[in-house]
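Colleague: quick one, structure for this:
(chains A and B)
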2 protein chains.
Amino acid sequence: MAQDNKKQVEQITDMEVDFTQWYTDVCTKAELIDYTSVKGMFIYRPYGYAIWENIQHELDKRFKATGHTNVAMPMLIPESLLQKEKDHVEGFAPECAWVTHGGSEKLEERLCVRPTSETVFCDHWSHIVHSWRDLPLLYNQWCSVLRWEKTSRPFLRHREFLWQEGHTLHATAEEAIAETEQMLEVYADVCENVLAMPVVRGLKTDKEKFAGAERTYTIECMMHDKKALQSGTSHFFGDGFAKAFGIAFADKNNQLTTPHETSWGASTRIIGGIIMTHGDNRGLVLPPRVAPIQVIVIPVAQHKEGVLEANRAVMDKLTAAGFRVKMDDSDKAPGWKFAEYEMKGVPLRLELGPKDMEKNQCVLVRRDSGEKVFVSLDGIEETVARMLDDIHDGLFQKAKKNLEENTFPAFSLAEAKAIQEEKGGFIKTMWCGGLECELKMKEEAGMTSRCIPLKQEHLGDTCAICGKPAQKMIYWGVAY
Amino acid sequence: MAQDNKKQVEQITDMEVDFTQWYTDVCTKAELIDYTSVKGMFIYRPYGYAIWENIQHELDKRFKATGHTNVAMPMLIPESLLQKEKDHVEGFAPECAWVTHGGSEKLEERLCVRPTSETVFCDHWSHIVHSWRDLPLLYNQWCSVLRWEKTSRPFLRHREFLWQEGHTLHATAEEAIAETEQMLEVYADVCENVLAMPVVRGLKTDKEKFAGAERTYTIECMMHDKKALQSGTSHFFGDGFAKAFGIAFADKNNQLTTPHETSWGASTRIIGGIIMTHGDNRGLVLPPRVAPIQVIVIPVAQHKEGVLEANRAVMDKLTAAGFRVKMDDSDKAPGWKFAEYEMKGVPLRLELGPKDMEKNQCVLVRRDSGEKVFVSLDGIEETVARMLDDIHDGLFQKAKKNLEENTFPAFSLAEAKAIQEEKGGFIKTMWCGGLECELKMKEEAGMTSRCIPLKQEHLGDTCAICGKPAQKMIYWGVAY
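Modeller: Predicted coordinates for the structure are as follows:
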């Protein structure tokens, strides 16, 4: 058994040797995901889906607290509907999967499996919106969407992925912008305070913004390998979609007015972010607030009298206190169990055997640091609560340090390129705002613009790429 | 305003005059659903979706309490995978929607948008199941499925509908049958104790069972118009699928063994059932345990000093006690508000004005009976809890009476036909078990077999249709 255990651990590639392979190993060996016979389509296995359910719960309660309601729209979009907003269809049509037959009949018009649902929401709104009394509309939908991309990787790039898409309609541009910014804050809050992933808040450049949007806000996270992951976006559409779909309302003076729209989305890609932010060479390390199992209870010498009962009593006590707890009393060897739950990233392991029972204590082992402490069974709920909070804080601080220590200013394209090649990370420069400089950075240094941070710094007066007057400080990076 | 209010109420068709039109009126005027430009595809609007969320919550907690975990499988199924189980593909292929193109490329093999997911679960299991230690697998999935049917009606028949599909795999047939029966009980429990809809539990005949199943259990409900609604089904597959997909495990004696499978599903069609069981000529009547708003608070003379504050205080008190409460302090006339929330089927209306404030009381009006009572604001939480339970019990008893008073024995096909034509309802007869008699009942009396009830009665020794020796008592009816 001990040998098997060692073998299982050895099967993960060292993350410093081959980060990509390490990532895939974790996804499969922690039983988060499975491949299918259709390229780019994945199965979210129970443990992977349970993480998503916890993220959903955290997001959904914040959506509802800010006045949003859930709805369900059809998954199929007629081609003519998709074409109503010009920029939007240009962005998405190349990635659509098309339904052409229903039963044995060829359809008169082909239908796209939704890549995103702006067009469907707008079509519905054009029927139900009449008066200022009907606004704002604050909707959200939990669903899966399809984007027929060439390459795929677990969580990061699926042809089908799970997400939520919020869609809202407002009487004024100001209200719509406030909504867009509010929802970015919701994403940032969940990322930092639930997933322990520090974020950089910013605006996307025109080149990188969502197809059809006037503004796209983003939160960008830095992974362990110093690459960027876009972890949530929030779009302000102005009245472009509303005009294209003929949505109008009578305002308080009975004037026919065009409303303003937003949408915002976060997806299961964030699970890839969790893995790549916190994971280590023993596997997954889960932030405690979304871990499907927060405490794994492992009885020691479980055949001895009273041991199972004592372990069950602790489990029940912790469960009653609201923790997600599991006991593993299977006949596997303890070492095997240790390795399995380390691979699965369970934040705390609780061991309890006959000797501990005598002393009214148990052992708690932290997944993040490996630290092992003996603690009293009295007040175990408070001890566990404190340690889980400590683990969250520790993970956040470690990731924040990674982000801060790997964000570098640069003052020329050559310097930016050299830093990226040598160290990686985020490179911040001043920028003229021109598309040409953005394309040049991509071509010569292999970096895309990540965002124009909302918190600006003044690094100088001229664009690091072309030398013309600078408009903004911008972040560059290599992204997933 | 009073006129408008009256007009709104008048716009619903009388249910005794045209039940079908009454049903459609309720679905649209209570803002549960909207039509789209694609035939048979509907939008679940916020109020309709909120009912579904509450049903999901009730089902999901029971699924988890019985050891099941949620997963997400791909929505697209390769044609070759769908064809692996013969009976199954015959049942579903005529209703499949087919994806033939991804982006601009034609696919090598066309992909079906899932009509149900047995094939995808089996394909996955064939990769991950090896040993008896891997069993049982107790999975569930919340998703939408597509069935390209010719006709459609809100909630009852969509080309795309929301549902859950449970899929489980067991070492033995006995275990799988116990699971199938357990999940039927979960559905019956939610129907009766949450939705206030009494059920008849039974088995489907071979003709009516799920494509590929050995046994299909069902719960059948009776609607206000005495037609039947199949409200949840649970299937035992034996080892047919497992064999077709090559799923096998090493048992405790290291013998390669084929496992046994189940699946079970309930869908948003149950919302149609709620509407047709409890609704009346003023609109929807919602069972309190899934009502999105359980208590609507309507301030009386809300411009007078302190009225809004007093109403808000009651709302906060009830919300803190765990009820779903909304206050409508809009500038609409009270009569308009009354009609709106009656249409939406809110179980209790709470009115509170200056005179009530003086007496430390409020008015509670029941949606089901229209009964109006003055109650003290002290202990309002207990009063509301008791009244909501009373409403649930009253709705259940009324529906049970409808079911019992409209279930009739018959001893010949002619008698069964006459009863159905004259009175409608469920007709119970003895049956030989033959397909021919089932087809004859359909052809001559327009009724399908609803189920072979688990609670059998002995009505006689011979089949009511052919006169041969009877095997079972069976229920017939006209179904949605």
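
Colleague: is the host helix or strand of A:Lys64 positioned near chain B?
Modeller: Here A:Lys64 sits within helix A:46-65, counting by DSSP states H and E. Yes. Using C-beta under 8 Å from any C-beta of the partner chain, helix A:46-65 reaches chain B at A:46, A:49-50, A:52-53. (Glycine included, C-beta is placed from N, CA and C.)

Colleague: buried residues of that helix, list them for me.
Modeller: By neighbour count on 16 or more other C-beta atoms under 10 Å in any protein chain shown, the buried set for helix A:46-65 is A:46-56, A:58-60, A:62-63.

Colleague: show me what the following helix or strand past it is packed up against.
Modeller: Downstream of helix A:46-65, the next assigned helix or strand under DSSP H and E is strand A:69-70. With contacts taken as 3 or more C-beta pairs under 8 Å, 6 or more residues apart in numbering or on different chains; DSSP states H and E, strand A:69-70 sits against strand A:137-146, helix B:46-65.

Colleague: swap in 10 Å and give it another go.
Modeller: Packed against strand A:69-70 by the contact rule (3 or more C-beta pairs under 10 Å, 6 or more residues apart in numbering or on different chains; DSSP states H and E) you find helix A:46-65, strand A:137-146, helix B:46-65.

Colleague: the closest residue to A:Val200 other than its chain neighbours pairs with what?
Modeller: Leaving aside its sequence neighbours, A:Val200 sits nearest to A:Glu220 (C-beta to C-beta, 6 or more residues apart in numbering or on different chains; 4.7 Å). With DSSP bridges as the criterion, A:Glu220 is bridged to A:Val200, A:Gln230.

Colleague: report the separation between A:Glu220 and chain B.
Modeller: Using C-beta to the nearest C-beta, to the nearest Å, A:Glu220 is found at 26 Å from chain B.

Colleague: chain B versus A:Asp331, what's the distance?
Modeller: On the measure of C-beta to the nearest C-beta, A:Asp331 and chain B end up 9 Å apart.

Colleague: report how many residues lie close to that residue.
Modeller: A count of nearby residues for A:Asp331, using other C-beta atoms under 10 Å in any protein chain shown, gives 8.

Colleague: what's the burial count for A:Val375?
Modeller: Around A:Val375 sit 17 other residues, with neighbours defined as other C-beta under 10 Å.

Colleague: how about A:Ala211?
Modeller: Counted with other C-beta under 10 Å, A:Ala211 comes out at 18.

Colleague: turn the helices and strands packed on strand A:69-70 into CSV, including distance to B:Asp316 and mean pLDDT.
Modeller: CSV is the format used below for the helices and strands packed on strand A:69-70 (distance: least, C-beta to C-beta, whole Å; pLDDT from 0 to 100):
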stretch, distance to B:Asp316, mean pLDDT
helix A:46-65, 15, 98
strand A:137-146, 22, 98
helix B:46-65, 21, 98
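
Colleague: now render those as JSON lines, adding distance to A:Thr258.
Modeller: Compiled in JSON lines, those are given as follows (distance: least, C-beta to C-beta, whole Å):
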{"stretch": "helix A:46-65", "distance to A:Thr258": "26"}
{"stretch": "strand A:137-146", "distance to A:Thr258": "14"}
{"stretch": "helix B:46-65", "distance to A:Thr258": "23"}
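
Colleague: and the helix ranked longest in chain A, which residues are buried?
Modeller: Longest helix in chain A, counting residues (DSSP state H): helix A:380-405. Residues A:380, A:383-385, A:387-388, A:390-392, A:395-396, A:398-399, A:402-403 are the ones in helix A:380-405 that count as buried (16+ other C-beta under 10 Å).

Colleague: quick one: name the residues of the stretch 301-450 of chain A near chain B.
Modeller: Contact residues, the stretch 301-450 of chain A versus chain B (C-beta under 10 Å from any C-beta of the partner chain): A:330-332.

Colleague: which residues touch the residue nearest to A:Met343 when sequence neighbours are not counted?
Modeller: The shortest distance from A:Met343 to any non-neighbouring residue, by C-beta to C-beta, 6+ apart, is to A:Gly283 (3.7 Å). By C-beta atoms under 10 Å, 6 or more residues apart in numbering or on different chains, A:Gly283 lies in contact with A:8-9, A:12, A:22, A:25-26, A:29-30, A:275, A:339-345, A:367.

Colleague: give me phi/psi at A:Gly283?
Modeller: Here is the backbone geometry of A:Gly283 (degrees, to the nearest 10): phi 120, psi -150.

Colleague: over to A:Gly202?
Modeller: Dihedral angles (degrees, to the nearest 10) for A:Gly202: phi -170, psi -180.

Colleague: phi first, then psi, for the nearest residue to it once chain neighbours are set aside.
Modeller: Spatially, and ignoring its direct neighbours in sequence, A:Gly202 is nearest to A:Cys451 (2.8 Å; C-beta to C-beta, 6+ apart). For A:Cys451, the backbone dihedrals (degrees, to the nearest 10) come out as phi -170, psi 160.

Colleague: give me the distance between A:Cys451 and A:Lys106.
Modeller: Look at A:Cys451 and A:Lys106: by C-beta to C-beta, to the nearest Å, they are 45 Å apart.

Colleague: so which of the two has more stuff around it?
Modeller: A:Cys451 (26 against 10).

Colleague: surely that one touches A:Thr205?
Modeller: Yes. Counting by C-beta atoms under 10 Å, A:Cys451 touches A:Thr205, with 8.2 Å between them.

Colleague: and for these two, which residues touch both?
Modeller: With C-beta under 10 Å, 6+ apart, A:Cys451 and A:Thr205 have common neighbours A:216, A:474.

Colleague: contacts for stretch A:310-323?
Modeller: For stretch A:310-323, contacts defined as C-beta under 10 Å, 6+ apart pick out A:288, A:291, A:293-300, A:302, A:304, A:306, A:324-329, A:348, A:350-354, A:356-357, A:360, A:362, A:377, A:380-382, A:384-385, A:388.

Colleague: buried only: go through those residues for me.
Modeller: Buried among those (16+ other C-beta under 10 Å): A:288, A:291, A:293-300, A:302, A:324-325, A:327-328, A:348, A:350-353, A:356-357, A:362, A:377, A:380, A:384-385, A:388.

Colleague: how about the residues of the stretch 101-250 of chain A near chain B?
Modeller: By C-beta under 10 Å from any C-beta, the residues of the stretch 101-250 of chain A that approach chain B are A:101-107, A:109-113, A:120-121, A:123-124, A:127-128, A:133, A:137-150, A:158-162.

Colleague: buried subset of those?
Modeller: A:101-102, A:107, A:110-113, A:120-121, A:123-124, A:137-148, A:158-162.

Colleague: for A:Arg289, which three-state class applies?
Modeller: Three-state assignment for A:Arg289 (DSSP: H, G, I helix; E, B strand; the rest coil): coil.

Colleague: how many other residues sit next to it?
Modeller: Close neighbours of A:Arg289, defined as other C-beta under 10 Å, add up to 19.

Colleague: try A:Pro453
Modeller: Per other C-beta under 10 Å, the neighbour tally for A:Pro453 reads 18.

Colleague: next one, pLDDT for it please.
Modeller: According to the predicted model, the pLDDT of A:Pro453 comes to 98.

Colleague: low-confidence ranges, chain A, go.
Modeller: Applying pLDDT under 70 to chain A flags residues A:1-10.
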